[in-house]
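Novice: fold the following.
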Amino acid sequence: MGRRWGFEGKAYWGVVGVEASNEITNVEDITVGLKKQTDDATTRLVAENGFMQMAVGLIDHDISFTMLWDDTDAAFNAVITSFFNISAPGISFKFLDVASGQGPAGDYEVHDISKAEPKGALQRITVTAKPAYSTANPVAWTS
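Specialist: As a prediction, this is how the structure comes out:
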């Protein structure tokens, strides 16, 4: 596969329950967070060695990305709407390392939006989304 430049990555959005297919062209930096949960599995038998033993569990995952504040952009408006829609939150995302590459895809809920208004620069929002409960389009790693 080789190395990838950040700008080669692709981001897509769509409606909940359906695979995301609309490219997000207004996205800057994207961070895909993956972390396995761990549980202490140390027994008294091995504790005398001084090292804990850990058992890994499910993957804790989130997506964080930055967009320019552009209320004429469909993806921007979908993210904002998803955040404020309490009765039916959610948005479908797909983040790939290249157009036909690998990465997470499925239904997400937007958990955090922060808006930056720096003096002398364009306004931006930073968005954090986590996998949503979904039987139609659960988050999975695509490859």
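Novice: may I see the buried residues of the longest helix seen in the chain?
Specialist: Secondary structure of the chain read by DSSP state H shows that its longest helix is helix 74-84. Across helix 74-84, burial judged by 16 or more other CB atoms under 10 Å covers 75-76, 78-80, 82-83. Backbone N, C-alpha and C define where each C-beta goes, glycine included.
Novice: adding pLDDT and distance to Gly90, write these out as CSV.
Specialist: Output for these, formatted as CSV (pLDDT from 0 to 100; distance: CB to CB, whole Å):
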residue, pLDDT, distance to Gly90
Ala75, 96, 15
Phe76, 96, 17
Ala78, 94, 10
Val79, 95, 11
Ile80, 95, 13
Ser82, 92, 6
Phe83, 94, 10
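Novice: got JSON lines for these, with distance to Val110 too?
Specialist: As requested, the buried residues of helix 74-84 are exported to JSON lines (distance: CB to CB, whole Å):
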{"residue": "Ala75", "distance to Val110": "12"}
{"residue": "Phe76", "distance to Val110": "12"}
{"residue": "Ala78", "distance to Val110": "10"}
{"residue": "Val79", "distance to Val110": "6"}
{"residue": "Ile80", "distance to Val110": "8"}
{"residue": "Ser82", "distance to Val110": "5"}
{"residue": "Phe83", "distance to Val110": "4"}
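Novice: which of the residues you listed sit farthest apart?
Specialist: Farthest-apart pair in the buried residues of helix 74-84 is Ala75 and Phe83; separation 13.0 Å (CB to CB).
Novice: could you give the number of residues near the residue nearest to Glu23 when sequence neighbours are not counted?
Specialist: Nearest non-adjacent residue to Glu23, counting by CB to CB, 6 or more residues apart in numbering: Tyr12, 5.6 Å away. Residues near Tyr12, counting by other CB atoms under 10 Å, number 20.
Novice: give me the contacts around the helix or strand containing Ile30.
Specialist: Using DSSP states H and E, Ile30 sits in strand 27-40. Strand 27-40 is contacted from outside by 6, 9, 11, 52-68, 75, 95, 103-104, 124, using CB atoms under 8 Å, 6 or more residues apart in numbering.
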